[in-house]
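Participant: Make a model of this:
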Amino acid sequence: MSTKADSPRESISKVFGFGGTSNNKRCKVSSEEEEEDENMELQQIGAERTKNVLILMSDTGGGHRASAEAIRDAFQLEYGDQYRIFVKDVWKEYTGWPLNDMESQYKFMVKHVQLWKVAFHGTSPRWIHSVYLAAIAAFYAKEVEAGLMEYKPDIIISVHPLMQHIPLWVLKWQGLQKKVIFVTVITDLSTCHRTWFHPLVNRLYCPSEEVAKRAALDGLEESQVRVFGLPIRPSFCRAVLNKDDLRVDLEMDAELPAVLLMGGGEGMGPVKKTAKALGESLYDKEEEKPIGQVVIICGRNESLANTLKAFDWKIPVKIRGFEKQMEKWMGACDCIITKAGPGTIAESLIRGLPIVINDYIPGQEKGNIPYVVDNGAGVYTKNPKDTARIVSEWFSTKKDELMKMSENAHKLAQPDAVFDIVKDIHELACQRGPMANVPYMLTSSFSSLIE
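Facilitator: Numbers count the residues shown, from 1 in each chain. I've put the predicted structure just below:
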(Lines give C-alpha, C1' and ligand atoms only; values in the text may rest on other atoms or scores of the structure.)
Protein backbone atom coordinates (compact mmCIF):
# COMPACT_ATOMS: atom_id res chain seq x y z
CA MET A 1 0.00 0.00 0.00
CA SER A 2 1.44 3.32 -0.98
CA THR A 3 1.49 6.34 1.28
CA LYS A 4 1.71 9.99 0.40
CA ALA A 5 5.24 11.36 0.79
CA ASP A 6 5.77 14.30 3.10
CA SER A 7 6.55 17.64 1.53
CA PRO A 8 10.07 19.01 2.17
CA ARG A 9 8.61 21.42 4.66
CA GLU A 10 6.74 18.69 6.55
CA SER A 11 9.83 16.48 6.62
CA ILE A 12 12.01 19.23 8.08
CA SER A 13 9.30 20.03 10.62
CA LYS A 14 9.20 16.42 11.82
CA VAL A 15 12.99 16.16 12.12
CA PHE A 16 13.66 19.45 13.84
CA GLY A 17 10.33 20.00 15.62
CA PHE A 18 9.64 23.51 14.40
CA GLY A 19 7.47 25.13 11.80
CA GLY A 20 4.81 22.63 12.80
CA THR A 21 1.10 22.83 13.15
CA SER A 22 0.68 23.19 16.90
CA ASN A 23 0.63 26.98 16.69
CA ASN A 24 -2.20 26.87 14.17
CA LYS A 25 -4.59 25.87 16.96
CA ARG A 26 -4.60 29.47 18.11
CA CYS A 27 -5.89 30.58 14.73
CA LYS A 28 -8.82 28.18 14.37
CA VAL A 29 -12.22 29.64 14.98
CA SER A 30 -15.62 28.09 14.49
CA SER A 31 -17.48 28.56 11.21
CA GLU A 32 -20.10 30.55 13.13
CA GLU A 33 -17.46 32.99 14.40
CA GLU A 34 -16.01 33.32 10.89
CA GLU A 35 -19.46 33.99 9.45
CA GLU A 36 -20.14 36.59 12.15
CA ASP A 37 -16.85 38.38 11.38
CA GLU A 38 -17.57 38.30 7.65
CA ASN A 39 -21.09 39.69 8.10
CA MET A 40 -19.72 42.47 10.28
CA GLU A 41 -17.14 43.32 7.66
CA LEU A 42 -19.77 43.44 4.93
CA GLN A 43 -21.95 45.72 7.01
CA GLN A 44 -19.03 48.09 7.47
CA ILE A 45 -18.17 48.47 3.77
CA GLY A 46 -18.49 52.12 2.87
CA ALA A 47 -19.26 53.10 6.45
CA GLU A 48 -17.10 54.61 9.14
CA ARG A 49 -15.80 51.77 11.23
CA THR A 50 -13.29 51.07 13.93
CA LYS A 51 -9.92 50.36 12.32
CA ASN A 52 -7.67 47.60 13.59
CA VAL A 53 -4.05 48.50 14.36
CA LEU A 54 -1.59 45.66 14.88
CA ILE A 55 1.70 46.66 16.53
CA LEU A 56 4.47 44.10 16.04
CA MET A 57 7.06 43.95 18.82
CA SER A 58 9.40 41.62 20.67
CA ASP A 59 10.78 41.69 24.21
CA THR A 60 14.39 41.75 22.99
CA GLY A 61 15.25 44.60 25.31
CA GLY A 62 12.63 46.74 27.01
CA GLY A 63 12.51 49.50 24.42
CA HIS A 64 10.39 47.74 21.79
CA ARG A 65 7.48 46.98 24.12
CA ALA A 66 7.74 50.43 25.72
CA SER A 67 7.49 52.10 22.29
CA ALA A 68 4.59 49.85 21.27
CA GLU A 69 2.64 50.65 24.42
CA ALA A 70 3.41 54.37 24.06
CA ILE A 71 1.93 54.32 20.54
CA ARG A 72 -1.09 52.36 21.75
CA ASP A 73 -1.75 54.84 24.55
CA ALA A 74 -1.36 57.84 22.22
CA PHE A 75 -3.86 56.35 19.75
CA GLN A 76 -6.36 55.86 22.56
CA LEU A 77 -5.88 59.40 23.87
CA GLU A 78 -6.10 61.07 20.46
CA TYR A 79 -8.74 58.98 18.70
CA GLY A 80 -10.60 56.93 21.29
CA ASP A 81 -12.65 54.11 19.75
CA GLN A 82 -11.77 55.02 16.16
CA TYR A 83 -8.95 52.49 16.44
CA ARG A 84 -8.70 49.07 18.06
CA ILE A 85 -5.07 48.46 19.07
CA PHE A 86 -3.34 45.07 19.39
CA VAL A 87 0.25 44.87 20.69
CA LYS A 88 1.57 41.43 19.75
CA ASP A 89 4.71 39.38 19.45
CA VAL A 90 3.44 37.40 16.45
CA TRP A 91 6.77 35.62 16.15
CA LYS A 92 6.60 34.24 19.68
CA GLU A 93 2.92 33.31 19.53
CA TYR A 94 2.71 31.74 16.07
CA THR A 95 6.09 30.60 14.74
CA GLY A 96 8.83 28.18 15.76
CA TRP A 97 12.55 28.37 16.33
CA PRO A 98 14.45 30.67 15.98
CA LEU A 99 11.77 33.38 15.77
CA ASN A 100 9.82 32.27 18.84
CA ASP A 101 12.96 32.32 20.99
CA MET A 102 14.43 35.72 20.10
CA GLU A 103 14.07 37.08 23.64
CA SER A 104 16.29 34.49 25.32
CA GLN A 105 18.74 34.53 22.40
CA TYR A 106 19.11 38.30 22.69
CA LYS A 107 19.60 38.21 26.48
CA PHE A 108 22.29 35.55 26.11
CA MET A 109 24.18 37.50 23.44
CA VAL A 110 24.12 40.89 25.20
CA LYS A 111 25.59 39.19 28.27
CA HIS A 112 28.42 38.10 25.97
CA VAL A 113 28.82 41.43 24.22
CA GLN A 114 31.46 40.33 21.73
CA LEU A 115 29.09 37.64 20.48
CA TRP A 116 26.36 40.26 20.04
CA LYS A 117 28.80 42.60 18.28
CA VAL A 118 29.65 39.89 15.75
CA ALA A 119 25.96 39.04 15.22
CA PHE A 120 24.97 42.70 14.81
CA HIS A 121 27.63 43.60 12.27
CA GLY A 122 27.80 40.19 10.60
CA THR A 123 24.13 40.30 9.59
CA SER A 124 24.18 43.93 8.51
CA PRO A 125 24.89 43.38 4.76
CA ARG A 126 21.58 43.27 2.92
CA TRP A 127 22.33 40.07 1.02
CA ILE A 128 23.01 38.21 4.28
CA HIS A 129 19.91 39.20 6.21
CA SER A 130 17.71 39.00 3.10
CA VAL A 131 18.72 35.38 2.48
CA TYR A 132 18.32 34.55 6.18
CA LEU A 133 14.84 36.08 6.38
CA ALA A 134 13.75 34.55 3.08
CA ALA A 135 14.73 31.12 4.37
CA ILE A 136 12.70 31.66 7.52
CA ALA A 137 9.76 32.90 5.47
CA ALA A 138 9.81 29.65 3.50
CA PHE A 139 9.14 27.74 6.73
CA TYR A 140 6.84 30.13 8.58
CA ALA A 141 4.93 32.15 6.00
CA LYS A 142 1.66 30.35 6.79
CA GLU A 143 2.11 30.88 10.51
CA VAL A 144 2.98 34.56 10.07
CA GLU A 145 0.00 34.99 7.78
CA ALA A 146 -2.27 33.39 10.38
CA GLY A 147 -0.83 35.61 13.10
CA LEU A 148 -1.34 38.77 11.07
CA MET A 149 -4.74 37.91 9.65
CA GLU A 150 -6.27 36.90 12.98
CA TYR A 151 -6.44 40.63 13.77
CA LYS A 152 -7.57 41.74 10.28
CA PRO A 153 -5.33 44.82 10.49
CA ASP A 154 -6.00 48.04 8.61
CA ILE A 155 -2.65 49.30 9.87
CA ILE A 156 0.47 47.37 10.85
CA ILE A 157 3.14 49.14 12.90
CA SER A 158 6.52 47.49 13.35
CA VAL A 159 8.69 48.57 16.27
CA HIS A 160 11.29 45.84 15.78
CA PRO A 161 14.00 45.47 13.11
CA LEU A 162 13.08 41.85 12.29
CA MET A 163 9.38 42.57 11.72
CA GLN A 164 9.47 44.30 8.35
CA HIS A 165 10.52 41.80 5.69
CA ILE A 166 8.32 38.77 6.31
CA PRO A 167 5.05 40.66 7.07
CA LEU A 168 5.59 42.85 4.00
CA TRP A 169 6.19 39.77 1.84
CA VAL A 170 2.94 38.27 3.16
CA LEU A 171 1.02 41.46 2.35
CA LYS A 172 2.55 41.63 -1.12
CA TRP A 173 1.81 37.99 -1.96
CA GLN A 174 -1.76 38.38 -0.68
CA GLY A 175 -2.32 41.53 -2.69
CA LEU A 176 -3.05 43.51 0.48
CA GLN A 177 -0.54 46.35 0.06
CA LYS A 178 -3.26 48.76 -1.06
CA LYS A 179 -5.52 47.74 1.79
CA VAL A 180 -3.13 47.61 4.73
CA ILE A 181 -0.93 50.53 5.77
CA PHE A 182 2.49 49.35 6.96
CA VAL A 183 4.77 51.68 8.90
CA THR A 184 7.99 51.21 10.84
CA VAL A 185 8.86 53.12 14.00
CA ILE A 186 12.60 52.90 14.66
CA THR A 187 13.43 52.61 18.35
CA ASP A 188 17.21 53.13 18.10
CA LEU A 189 18.42 56.72 18.39
CA SER A 190 21.43 56.68 16.10
CA THR A 191 23.15 53.47 15.01
CA CYS A 192 20.55 51.17 13.48
CA HIS A 193 20.71 47.68 12.05
CA ARG A 194 19.91 47.70 8.35
CA THR A 195 16.92 45.38 8.79
CA TRP A 196 15.05 48.47 10.03
CA PHE A 197 15.01 49.87 6.50
CA HIS A 198 12.61 48.34 3.96
CA PRO A 199 11.62 50.22 0.80
CA LEU A 200 8.04 48.89 0.75
CA VAL A 201 6.89 50.61 3.97
CA ASN A 202 4.35 53.39 3.65
CA ARG A 203 6.17 55.40 6.27
CA LEU A 204 9.40 55.16 8.25
CA TYR A 205 9.50 57.16 11.49
CA CYS A 206 13.04 58.07 12.50
CA PRO A 207 14.14 59.34 15.92
CA SER A 208 16.96 61.51 14.53
CA GLU A 209 18.34 63.06 11.35
CA GLU A 210 21.25 60.62 11.50
CA VAL A 211 18.86 57.69 11.17
CA ALA A 212 16.99 59.43 8.33
CA LYS A 213 20.28 59.74 6.42
CA ARG A 214 20.89 56.01 6.84
CA ALA A 215 17.39 55.33 5.51
CA ALA A 216 18.13 57.36 2.38
CA LEU A 217 21.31 55.36 1.80
CA ASP A 218 19.25 52.15 1.98
CA GLY A 219 16.88 53.27 -0.75
CA LEU A 220 13.94 54.89 1.04
CA GLU A 221 12.44 57.97 -0.60
CA GLU A 222 12.27 61.27 1.23
CA SER A 223 8.45 61.13 1.03
CA GLN A 224 8.47 57.89 3.05
CA VAL A 225 10.54 59.27 5.93
CA ARG A 226 9.52 61.41 8.89
CA VAL A 227 11.81 62.54 11.75
CA PHE A 228 9.72 62.94 14.90
CA GLY A 229 11.79 61.42 17.69
CA LEU A 230 11.48 58.35 19.88
CA PRO A 231 7.93 57.50 21.08
CA ILE A 232 7.71 57.90 24.85
CA ARG A 233 4.55 57.03 26.77
CA PRO A 234 2.08 59.93 27.08
CA SER A 235 1.88 59.67 30.87
CA PHE A 236 5.58 60.56 30.97
CA CYS A 237 5.59 63.19 28.21
CA ARG A 238 2.61 65.12 29.49
CA ALA A 239 3.31 64.85 33.21
CA VAL A 240 3.39 68.26 34.89
CA LEU A 241 5.78 67.88 37.80
CA ASN A 242 7.07 70.11 40.57
CA LYS A 243 10.45 69.07 41.96
CA ASP A 244 9.80 70.38 45.46
CA ASP A 245 6.47 68.53 45.71
CA LEU A 246 7.99 65.35 44.32
CA ARG A 247 10.77 65.34 46.88
CA VAL A 248 8.23 65.63 49.67
CA ASP A 249 6.16 62.76 48.20
CA LEU A 250 9.24 60.58 47.66
CA GLU A 251 10.70 61.41 51.09
CA MET A 252 13.90 62.88 49.66
CA ASP A 253 16.03 65.67 51.07
CA ALA A 254 14.43 68.95 50.01
CA GLU A 255 17.68 70.91 49.58
CA LEU A 256 20.47 68.61 48.41
CA PRO A 257 20.98 68.10 44.65
CA ALA A 258 20.18 64.56 43.59
CA VAL A 259 21.62 62.08 41.08
CA LEU A 260 19.62 59.16 39.70
CA LEU A 261 21.69 56.00 39.19
CA MET A 262 20.04 53.57 36.77
CA GLY A 263 20.77 49.89 36.35
CA GLY A 264 18.05 49.18 33.79
CA GLY A 265 15.18 46.75 34.26
CA GLU A 266 17.60 43.97 35.19
CA GLY A 267 19.88 46.10 37.40
CA MET A 268 22.87 45.53 35.16
CA GLY A 269 26.08 47.52 34.67
CA PRO A 270 28.59 48.93 37.18
CA VAL A 271 25.88 50.04 39.62
CA LYS A 272 27.47 48.81 42.86
CA LYS A 273 30.91 50.31 42.19
CA THR A 274 29.39 53.58 41.02
CA ALA A 275 27.12 53.78 44.06
CA LYS A 276 30.06 53.29 46.43
CA ALA A 277 32.10 55.92 44.59
CA LEU A 278 29.20 58.37 44.80
CA GLY A 279 28.86 57.71 48.52
CA GLU A 280 32.44 58.89 48.96
CA SER A 281 32.54 61.78 46.48
CA LEU A 282 29.26 63.35 47.63
CA TYR A 283 30.40 63.54 51.25
CA ASP A 284 32.44 66.57 52.29
CA LYS A 285 34.92 65.19 54.83
CA GLU A 286 36.09 68.64 55.95
CA GLU A 287 32.59 69.92 56.61
CA GLU A 288 31.44 66.45 57.66
CA LYS A 289 28.21 66.75 55.66
CA PRO A 290 26.80 65.52 52.34
CA ILE A 291 26.83 67.71 49.22
CA GLY A 292 24.32 65.54 47.35
CA GLN A 293 21.96 62.60 47.51
CA VAL A 294 21.53 59.46 45.41
CA VAL A 295 18.54 57.50 44.10
CA ILE A 296 19.49 54.00 42.89
CA ILE A 297 17.14 52.00 40.66
CA CYS A 298 18.08 48.32 40.89
CA GLY A 299 15.31 46.98 38.67
CA ARG A 300 14.57 43.30 39.24
CA ASN A 301 18.02 42.66 40.72
CA GLU A 302 17.03 41.98 44.33
CA SER A 303 20.52 40.79 45.22
CA LEU A 304 21.98 44.15 44.17
CA ALA A 305 19.34 46.04 46.15
CA ASN A 306 20.00 44.00 49.30
CA THR A 307 23.76 44.49 48.96
CA LEU A 308 23.39 48.26 48.63
CA LYS A 309 20.98 48.45 51.57
CA ALA A 310 23.66 46.84 53.75
CA PHE A 311 26.15 49.67 53.05
CA ASP A 312 26.92 52.25 55.75
CA TRP A 313 25.92 55.40 53.87
CA LYS A 314 27.02 58.87 54.98
CA ILE A 315 24.76 60.60 52.46
CA PRO A 316 21.01 60.32 51.83
CA VAL A 317 20.36 57.31 49.57
CA LYS A 318 17.14 55.84 48.20
CA ILE A 319 17.37 52.26 46.93
CA ARG A 320 14.51 51.14 44.72
CA GLY A 321 13.59 48.01 42.76
CA PHE A 322 11.67 47.95 39.51
CA GLU A 323 9.87 51.27 39.03
CA LYS A 324 6.87 51.99 36.81
CA GLN A 325 6.70 55.72 37.58
CA MET A 326 10.14 56.85 36.48
CA GLU A 327 8.80 60.30 35.62
CA LYS A 328 8.57 61.04 39.35
CA TRP A 329 12.11 59.93 40.21
CA MET A 330 13.52 61.72 37.17
CA GLY A 331 11.52 64.81 38.01
CA ALA A 332 12.95 64.84 41.54
CA CYS A 333 16.59 64.55 40.44
CA ASP A 334 19.13 66.91 38.85
CA CYS A 335 21.16 64.48 36.68
CA ILE A 336 21.26 60.81 35.74
CA ILE A 337 23.83 58.02 35.38
CA THR A 338 22.76 55.30 32.94
CA LYS A 339 23.83 53.03 30.14
CA ALA A 340 23.13 54.27 26.61
CA GLY A 341 19.63 52.83 26.26
CA PRO A 342 17.57 54.96 23.83
CA GLY A 343 14.41 55.04 25.94
CA THR A 344 16.15 56.21 29.11
CA ILE A 345 18.10 58.82 27.14
CA ALA A 346 14.93 60.15 25.51
CA GLU A 347 13.12 60.32 28.86
CA SER A 348 16.10 62.05 30.50
CA LEU A 349 16.15 64.69 27.78
CA ILE A 350 12.45 65.37 28.25
CA ARG A 351 13.08 65.94 31.97
CA GLY A 352 16.15 68.10 31.20
CA LEU A 353 18.54 65.78 33.04
CA PRO A 354 22.26 65.97 32.15
CA ILE A 355 23.39 62.41 31.41
CA VAL A 356 26.48 60.49 32.46
CA ILE A 357 26.62 57.46 30.15
CA ASN A 358 28.57 54.68 31.83
CA ASP A 359 28.01 51.71 29.51
CA TYR A 360 26.51 50.66 26.18
CA ILE A 361 25.59 47.61 24.12
CA PRO A 362 27.82 47.37 21.01
CA GLY A 363 25.97 47.98 17.78
CA GLN A 364 22.67 49.76 18.29
CA GLU A 365 23.67 51.76 21.41
CA LYS A 366 27.16 52.85 20.42
CA GLY A 367 25.91 55.82 18.41
CA ASN A 368 23.83 57.09 21.33
CA ILE A 369 27.02 58.28 23.05
CA PRO A 370 27.96 60.94 20.46
CA TYR A 371 24.25 61.79 20.13
CA VAL A 372 24.28 62.90 23.78
CA VAL A 373 27.86 64.17 24.12
CA ASP A 374 28.11 66.08 20.83
CA ASN A 375 24.86 67.88 21.60
CA GLY A 376 26.18 69.01 24.98
CA ALA A 377 23.59 67.05 26.98
CA GLY A 378 26.00 64.81 28.86
CA VAL A 379 29.33 63.01 29.13
CA TYR A 380 30.65 59.47 28.75
CA THR A 381 32.91 57.50 31.05
CA LYS A 382 33.02 53.84 32.06
CA ASN A 383 35.10 54.49 35.17
CA PRO A 384 32.95 54.62 38.36
CA LYS A 385 35.36 56.97 40.13
CA ASP A 386 35.37 59.38 37.19
CA THR A 387 31.58 59.22 37.13
CA ALA A 388 31.40 60.10 40.83
CA ARG A 389 33.93 62.93 40.40
CA ILE A 390 31.92 64.47 37.55
CA VAL A 391 28.72 64.42 39.58
CA SER A 392 30.39 65.89 42.68
CA GLU A 393 31.79 68.73 40.52
CA TRP A 394 28.36 69.39 39.01
CA PHE A 395 26.96 69.65 42.55
CA SER A 396 29.74 71.98 43.79
CA THR A 397 32.26 73.82 41.60
CA LYS A 398 30.63 73.30 38.18
CA LYS A 399 26.99 74.14 38.79
CA ASP A 400 26.94 76.37 35.70
CA GLU A 401 28.00 73.42 33.53
CA LEU A 402 25.19 71.33 34.99
CA MET A 403 22.68 74.07 34.24
CA LYS A 404 23.92 74.50 30.67
CA MET A 405 23.70 70.76 30.01
CA SER A 406 20.17 70.76 31.38
CA GLU A 407 19.24 73.48 28.89
CA ASN A 408 20.82 71.49 26.06
CA ALA A 409 18.92 68.38 27.13
CA HIS A 410 15.63 70.27 26.93
CA LYS A 411 16.54 71.53 23.44
CA LEU A 412 17.32 68.01 22.23
CA ALA A 413 14.15 66.51 23.73
CA GLN A 414 11.18 65.58 21.51
CA PRO A 415 8.28 65.10 23.96
CA ASP A 416 5.58 65.22 21.27
CA ALA A 417 7.11 62.47 19.11
CA VAL A 418 4.57 59.78 19.92
CA PHE A 419 1.66 62.11 19.16
CA ASP A 420 3.27 63.29 15.91
CA ILE A 421 3.64 59.64 14.88
CA VAL A 422 0.03 58.61 15.55
CA LYS A 423 -1.36 61.76 13.93
CA ASP A 424 0.65 61.07 10.79
CA ILE A 425 -0.53 57.45 10.74
CA HIS A 426 -4.11 58.69 11.14
CA GLU A 427 -3.63 60.99 8.15
CA LEU A 428 -2.33 58.05 6.10
CA ALA A 429 -5.44 56.09 7.05
CA CYS A 430 -7.70 58.97 6.02
CA GLN A 431 -5.97 59.20 2.63
CA ARG A 432 -6.39 55.48 1.89
CA GLY A 433 -8.29 54.59 -1.29
CA PRO A 434 -11.39 52.35 -1.70
CA MET A 435 -9.32 49.15 -1.45
CA ALA A 436 -8.93 49.88 2.25
CA ASN A 437 -12.62 49.05 2.76
CA VAL A 438 -12.55 45.71 0.96
CA PRO A 439 -13.22 43.07 3.64
CA TYR A 440 -10.66 40.38 4.32
CA MET A 441 -13.17 37.68 3.33
CA LEU A 442 -12.78 38.84 -0.28
CA THR A 443 -8.99 38.62 -0.34
CA SER A 444 -7.02 35.55 -1.38
CA SER A 445 -4.88 33.60 1.05
CA PHE A 446 -1.12 33.50 0.67
CA SER A 447 -1.19 29.99 2.08
CA SER A 448 -2.42 28.59 -1.21
CA LEU A 449 0.75 29.80 -2.91
CA ILE A 450 3.07 27.64 -0.81
CA GLU A 451 1.10 24.43 -0.45
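Participant: how about stretch 295-310: buried residues?
Facilitator: 295-299, 301, 304-305, 308 (16 or more other CB atoms under 10 Å). Heads up, the C-betas are built off the backbone N, CA and C, glycines and all.
Participant: now stretch 93-110
Facilitator: By 16+ other CB under 10 Å, the buried positions in stretch 93-110 come out as 94-96, 99-100, 102, 106, 109-110.
Participant: What about these, which are in helices?
Facilitator: Judged by DSSP state H, the buried residues of stretch 93-110 include 94, 102, 106, 109-110 as members of helices.
Participant: Need the max-distance pair from those residues.
Facilitator: Tyr94 and Val110 (25.0 Å; CB to CB).
Participant: rewinding a little: adding distance to Lys51 and pLDDT, write the buried residues of stretch 93-110 out as a markdown table.
Facilitator: Shown next, in a markdown table, are the buried residues of stretch 93-110 (distance: CB to CB, whole Å; pLDDT from 0 to 100):
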| residue | distance to Lys51 | pLDDT |
| --- | --- | --- |
| Tyr94 | 22 | 83 |
| Thr95 | 26 | 82 |
| Gly96 | 31 | 80 |
| Leu99 | 27 | 77 |
| Asn100 | 28 | 81 |
| Met102 | 28 | 83 |
| Tyr106 | 32 | 82 |
| Met109 | 37 | 84 |
| Val110 | 36 | 79 |
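Participant: possible to save those as JSON lines with distance to Trp329?
Facilitator: Shown next, in JSON lines, are the buried residues of stretch 93-110 (distance: CB to CB, whole Å):
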{"residue": "Tyr94", "distance to Trp329": "38"}
{"residue": "Thr95", "distance to Trp329": "38"}
{"residue": "Gly96", "distance to Trp329": "41"}
{"residue": "Leu99", "distance to Trp329": "36"}
{"residue": "Asn100", "distance to Trp329": "35"}
{"residue": "Met102", "distance to Trp329": "30"}
{"residue": "Tyr106", "distance to Trp329": "27"}
{"residue": "Met109", "distance to Trp329": "30"}
{"residue": "Val110", "distance to Trp329": "25"}
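Participant: if we can go back for a sec, let's have the ones in helices among the buried residues of stretch 93-110 in a markdown table, adding distance to Thr344.
Facilitator: Formatted as a markdown table, those follow (distance: CB to CB, whole Å):
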| residue | distance to Thr344 |
| --- | --- |
| Tyr94 | 31 |
| Met102 | 22 |
| Tyr106 | 18 |
| Met109 | 20 |
| Val110 | 15 |
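Participant: Among those residues, which one lies nearest to Ser124?
Facilitator: Met109 (15.0 Å).
Participant: In contact with the closest residue to Lys92 other than its chain neighbours, which residues?
Facilitator: Nearest non-adjacent residue to Lys92, counting by CB to CB, 6 or more residues apart in numbering: Asn100, 5.0 Å away. Asn100 makes contacts with 91-94, as judged by CB atoms under 8 Å, 6 or more residues apart in numbering.
Participant: again, only this time at 10 Å
Facilitator: Residues near Asn100 by CB atoms under 10 Å, 6 or more residues apart in numbering: 18, 23, 58, 89-94, 140, 143.
Participant: Next step: those residues restricted to helices.
Facilitator: Per DSSP H, the subset of the contacts of Asn100 in helices is 90-94, 140, 143.
Participant: thinking in terms of the whole chain, how far from its middle is the strand or helix carrying Gly331?
Facilitator: Gly331 belongs to helix 326-332 when elements are defined using DSSP states H and E. Its chain's average C-alpha position is 20 Å from that of helix 326-332, according to CA atoms, centre = their mean, to the nearest Å.
Participant: Next SSE downstream of it?
Facilitator: strand 335-339.
Participant: Packing partners of that next one?
Facilitator: strand 258-262, helix 271-281, strand 293-297, helix 342-350, strand 355-359, strand 378-380, helix 384-394, helix 399-412 (3 or more CB pairs under 10 Å, 6 or more residues apart in numbering; DSSP states H and E).
Participant: in its sheet, what does it sit against?
Facilitator: Sheet pairing here is set by DSSP bridges, and for strand 335-339 it gives strand 258-262 (parallel), strand 355-359 (parallel).
Participant: which of the ones you listed is buried the deepest?
Facilitator: Burial of the strands paired with strand 335-339 is given as mean neighbour count (mean count of other CB atoms under 10 Å); strand 258-262 ranks first at a mean of 26.
Participant: I'd like the distance from it to the chain centre, please.
Facilitator: For strand 258-262, the distance to the chain centre is 22 Å (CA atoms, centre = their mean).
Participant: what mean pLDDT does that strand have?
Facilitator: For strand 258-262, mean pLDDT is 97.
Participant: on that earlier part again, helices or strands next to the helix holding Gly331 in the packing?
Facilitator: Short answer (3+ CB pairs under 10 Å, 6+ apart): helix 326-332 packs on helix 234-237, helix 243-249, strand 258-262, strand 293-297, strand 317-320, helix 342-350.
Participant: For these, give me CSV that also has distance to Ser190.
Facilitator: Shown next, in CSV, are the helices and strands packed on helix 326-332 (distance: least, CB to CB, whole Å):
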stretch, distance to Ser190
helix 234-237, 21
helix 243-249, 30
strand 258-262, 19
strand 293-297, 24
strand 317-320, 29
helix 342-350, 8
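Participant: Of all those, which one comes closest to Trp196?
Facilitator: It is, among the helices and strands packed on helix 326-332 and with distance given as CB to CB, helix 342-350, at 12.6 Å.
Participant: can you pull the contacts of Asn202?
Facilitator: So Asn202 contacts 155-156, 177, 180-184, 224, 425, 428, 431-432 (CB under 10 Å, 6+ apart).
Participant: repeat for Ile357
Facilitator: 336-341, 344-345, 365, 368-369, 371-373, 378-382, 387.
Participant: Recalculate using a threshold of 6 Å.
Facilitator: The neighbours of Ile357, taking CB atoms under 6 Å, 6 or more residues apart in numbering as the test, are 340, 369, 380.
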